[in-house]
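Asker: Show me how the following folds:
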Amino acid sequence: MSVEKEEKAAKAASPAPEEPKPAKKPARTKASGETKTVKAVKPSTPEAKPAGAKAAEAKAAKPAASRKPKADKPADAKPAAGDKPRAKRARVPKPAPAEEAPSEAAPVEAVSAEEAPVREATPAPEVPVQEPAAVEEVPVEEASAPGPEPVPETPRRSVAFIGSECWPFVKTGGLGDVMYALPRALVRQNCDVKVILPRYRCIPWQYQEKMVYRGAFGMDLTADGRSFYVGIMEYVWDGVVYDFIDNEEFFSAGNPYTNLVDDIPKYCYFSKAALAALNFLDWTPDVIHCHDWQAALVPVYLRTLFAGTKLARSKAVLTIHNLKFQGVYNIPTIRYWSGLPDYVFNKDALTVKWVDANMLKGGLTYSNAITTVSPTYAWEIQTPEYGEGLDAHLRYHSGKLRGIVNGIDYGMWDPRTDENLRVNYDITDFLERKRQNKLALQEELGLERDEGKFVIGLISRLTDQKGLDLVTAIMPQLLDGNTQVVILGTGEPGYEDAFRYFEAANRGTVCANIMYDEGRSHRIYAGADALLVPSRFEPCGLTQLNAMRYGTVPVVRETGGLRDTVEPYNIFDNTGNGFTFDRYDPWLLLDAVNRAKTLYFTNRWCWDEMVRRDMAKDVSWDRSAAQYKDLYLQLTY
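Answerer: Now for the predicted structure:
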C-alpha cells in the first residue's frame with residue numbers, strides 16, 4: 001500500500017499539467033472574470049471549479065490568487081509534448097477514491113504556488129492573447145442571434161389616393177400603373193393607404209364580385225341642389241384598401257373616358273363624392289393625394305365646401321401626370337355641376353381666358369403641394385414651350401412644385417419570373433438567354449430568324465407626343481439590311497396606316513402590331529436589342545424603365561423623365577446606360593440609332609457591359625415611395 005501511495009504521489013508531483021487540465025477551465029474563468037461578457041458566454045466553467053479547487057480554497061486566498069495566471073498560462077505554455085498523454089490519462093481514472101483528490105491536489109498546488117513567481121513573469125505578455133480570444137467570441141454569438149424585424153424609422157402616415165384609373169381594375173395609360181404600384185410601395189414605407197376610384201362598368205367581374213358593400217348616402221352636387229346617390233364598395237388587396245364610388249348614372253359607360261361633355265359632370269361628381277365617402281367612413285387621412293385633372297377639384301372642395309369638416313385638417317397633394325390634359329370647359333357648366341362658390345371662379349383659381357374654367361388650374365391653386373413625375377418635367381412645364389398655357393401659373397406656385405421620378409413594379413416586370421417569356425433570365429445569364437428570346441420573338445412575329453440582326457422595339461401610343469413623325473421620316477434609313485423594327489400600339493389612324501405600309505413593303509424586316517397585347521410587350525422588351533422613345537415631350541415615361549429592367553438599351557430624346565433616367569453613353573470611359581439626342585430632329589434620332597448600332601456590331605463587350613448596367617439599375621418604386629413619404633412628413637409635421 002505504501003508503494004502504491006508513493007507511485008501515485010510521484011505521478012501527481014511530476015506532471016504539473018495533470019491537475020491544471022481539469023483546473024484550466026475554472027482558472028480561465030477567473031482570469032477572464034475581468035471581462036463580464038466572457039463569463040456569460042461560458043456558464044459551464046463553474047462545474048470544473050470544485051473538482052480541483054477545494055484544496056486551494058481550504059488553504060488560503062493568496063495562493064489561489066497567485067494560481068490564477070499559473071493555472072491558465074502554464075497549461076498552455078509550460079507542458080511539454082510528452083505531458084499531454086499523461087493529462088489524458090489523468091482524466092480517465094474515475095475509480096480513484098474522492099478522498100485522494102485533496103491529497104493529490106495538495107502537492108500540485110504547493111508546486112504551483114512555489115513556481116508562481118517564476119512562471120508569472122513569462123505568461124504576462126500572453127495574458128492579452130487569451131483575453132482577446134475570449135472577447136472575440138461574444139460578438140459572434142450576439143450576431144448569430146436573430147434580431148427583431150426591421151421597422152421603418154419614419155412616422156406612420158395615412159394617405160388617401162384619389163384618381164380615375166388603377167390597374168388591374170381599369171387602365172388606359174401610365175396613371176393606372178402609378179395608382180397600382182405607388183400605394184403598395186407606400187405600405188412598405190409605413191403608411192396606411194386607401195385608394196378611391198370610380199366603379200366603372202368595365203371593371204372585370206372577377207374583381208367586382210369580391211367587392212364588399214360599405215354603405216350609401218345621398219349627396220347634393222349641383223348649383224340648384226340636385227341630389228345624387230353615392231354607394232361605396234370596398235376591395236382589400238395586399239394591404240391596400242380600394243373604395244369604389246358607385247353610381248350607374250355617371251359610370252355606366254364602357255370606357256372611363258368618353259368625351260369632355262360627359263366627363264366634366266362625371267368627374268365633378270367623383271371629386272366631391274370621394275371626400276363625402278371619407279366623411280361617411282369616418283376616416284380622416286393625413287394626406288389626400290389627387291391625380292390629374294379628373295381629381296383636381298378635390299383640393300378645391302376640401303378648402304371650400306368641406307372646410308368645416310374633419311377632413312379640413314388633411315393636406316392636399318396634386319400630381320400632374322400629363323399637363324396637356326386639364327379639364328377645361330365653359331364657366332357656367334363647371335359652376336353648375338360642381339356647385340362651387342362663385343369666388344373660386346377668378347383668374348387666380350379656375351378661370352382661364354375670361355370665359356372658361358380650368359379644373360386642373362383650380363387644383364394647383366388650392367393644393368398644399370404639387371408634384372410631377374420627373375424633376376426635368378417639373379422645370380419644363382414652367383416654360384412657354386411645355387407649359388400648355390399654365391407656365392406663368394406654375395411659376396407663381398413653383399415654391400410648392402417638385403418632381404419625383406416614377407418607378408416600375410418589380411412584381412410585374414421581372415425577367416427572372418416573367419411567365420410571358422420563352423426563357424427567363426437575369427443579370428448573370430442574359431448573354432445566352434436574351435439571345436434565345438430574340439429568336440423566339442422573330443419566330444413569333446414572322447421576322448427573319450437571325451440572332452445577328454439588330455432588333456429595335458417601339459412600344460407606344462401612336463400619337464404626335466411620342467415623336468413618331470421622327471420615326472416615319474427615317475424608317476427607310478433604319479432598314480439597312482442588318483436591322484429589324486417591331487412596333488406595338490394603337491393611336492392616330494395616320495400613324496397606324498404608316499406603320500402598316502412599312503410592314504407590307506418590308507416583310508420579314510418590319511412587324512407592325514396595331515394593337516396592345518400585354519404579353520407581347522413583355523416579349524418585345526426581352527427580345528429586342530434597343531427601344532426607341534423619341535418623344536416630343538415625356539413627363540416620365542415607363543417604357544424606358546421596363547426596357548432597362550429587361551436588358552434592352554433605350555434610345556431616347558433628352559426631355560422630361562427620359563433625361564432623368566437615361567444617362568448618355570460615353571465612348572471614352574465606357575459609362576452610361578443608353579443613347580440620347582437633344583433637339584427634336586429626325587436626323588439626330590438617326591444619329592443616335594447609328595451610334596447604338598456601331599457599338600453593338602463593333603464592340604460587343606462594351607455593349608454587354610451597358611446591358612449589365614441597365615439590368616443592375618434600381619428603377620423600382622421603393623426609391624420614389626421614400627421621396628413621397630418625405631413629402632408627406634414635411635406637410636404634416
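Asker: drop to CA atoms for contacts and neighbour counts, all remaining ones
Answerer: Fine.
Asker: Quick one: list the elements packing against the longest strand along the chain.
Answerer: The longest strand of the chain (DSSP state E) is strand 227-237. Strand 227-237 sits against strand 212-220, strand 240-246, helix 260-281, with contacts defined as 3 or more Cα pairs under 8 Å, 6 or more residues apart in numbering; DSSP states H and E.
Asker: what is the rounded mean pLDDT of the following helix or strand past the second one?
Answerer: Spelled out, it's strand 240-246. Once the chain leaves strand 240-246, the next helix or strand it forms, by DSSP states H and E, is helix 248-251. If you average the pLDDT over helix 248-251, you get 94.
Asker: List the buried residues for helix 248-251?
Answerer: Residues of helix 248-251 classed as buried: 250-251 (neighbour count, 16 or more other Cα atoms under 10 Å).
Asker: what's in contact with that helix?
Answerer: Helix 248-251 has contacts (Cα atoms under 8 Å, 6 or more residues apart in numbering) with 198-201, 266.
Asker: Can I get that helix in CSV, CA atoms only?
Answerer: Output of helix 248-251 as CSV, limited to C-alpha atoms (Å, rounded to 0.1, in the frame of the first residue of the first chain):
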residue,chain,number,x,y,z
GLU,A,248,-74.8,54.0,-62.6
GLU,A,249,-75.8,57.4,-63.9
PHE,A,250,-72.2,58.5,-64.2
PHE,A,251,-70.1,55.3,-64.5
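Asker: In three-state terms, label residue 316 for me.
Answerer: Following DSSP: H, G, I helix; E, B strand; the rest coil, residue 316 is assigned to strand.
Asker: what about residue 536, how many residues close to it?
Answerer: By the criterion of other Cα atoms under 10 Å, residue 536 has 20 neighbours.
Asker: Same question for residue 258.
Answerer: 10.
Asker: chain center to the longest strand of the chain: distance?
Answerer: 31 Å (Cα atoms, centre = their mean, to the nearest Å).
Asker: Could you report the distance from the nearest residue to residue 467 once chain neighbours are set aside to residue 497?
Answerer: Spatial nearest neighbour of residue 467, chain neighbours left out: residue 535 (4.4 Å); criterion: Cα to Cα, 6 or more residues apart in numbering. Noted for residue 535: a distance of 20 Å to residue 497, by Cα to Cα, to the nearest Å.
Asker: same thing with residue 161?
Answerer: For residue 161 relative to residue 497 (Cα to Cα), the value is 39 Å.
Asker: Between those two, tell me which one has more neighbours.
Answerer: It is residue 161, of residue 161 and residue 497, that has more neighbours when counted by other Cα under 10 Å, with 22 against 13.
Asker: any idea which of the helices and strands packed on strand 227-237 is most buried?
Answerer: strand 240-246 (a mean of 22; mean count of other Cα atoms under 10 Å).
Asker: Please enumerate residues in contact with that strand?
Answerer: Here strand 240-246 has contacts from 183-184, 187, 192-200, 230-236, 270, 273-274, using Cα under 8 Å, 6+ apart.
Asker: of the residues you listed, buried ones?
Answerer: 183-184, 187, 192-200, 230-235, 270, 273-274.
Asker: For beta bridges, what are the partners of residue 403?
Answerer: As for beta bridges, residue 403 partners with residue 372 under DSSP bridges.
Asker: can I assume residue 468 is in contact with residue 534?
Answerer: Yes. Counting by Cα atoms under 8 Å, residue 534 is a contact partner of residue 468 at 7.3 Å.
Asker: neighbour-wise, which of the two wins?
Answerer: Ranked by neighbour count (other Cα under 10 Å), residue 468 and residue 534 place residue 534 first, with 29 against 21.
Asker: Verify the stated contact: that one with residue 557.
Answerer: Yes. Taking Cα under 8 Å as the definition, residue 534 is a contact partner of residue 557 at 4.9 Å.
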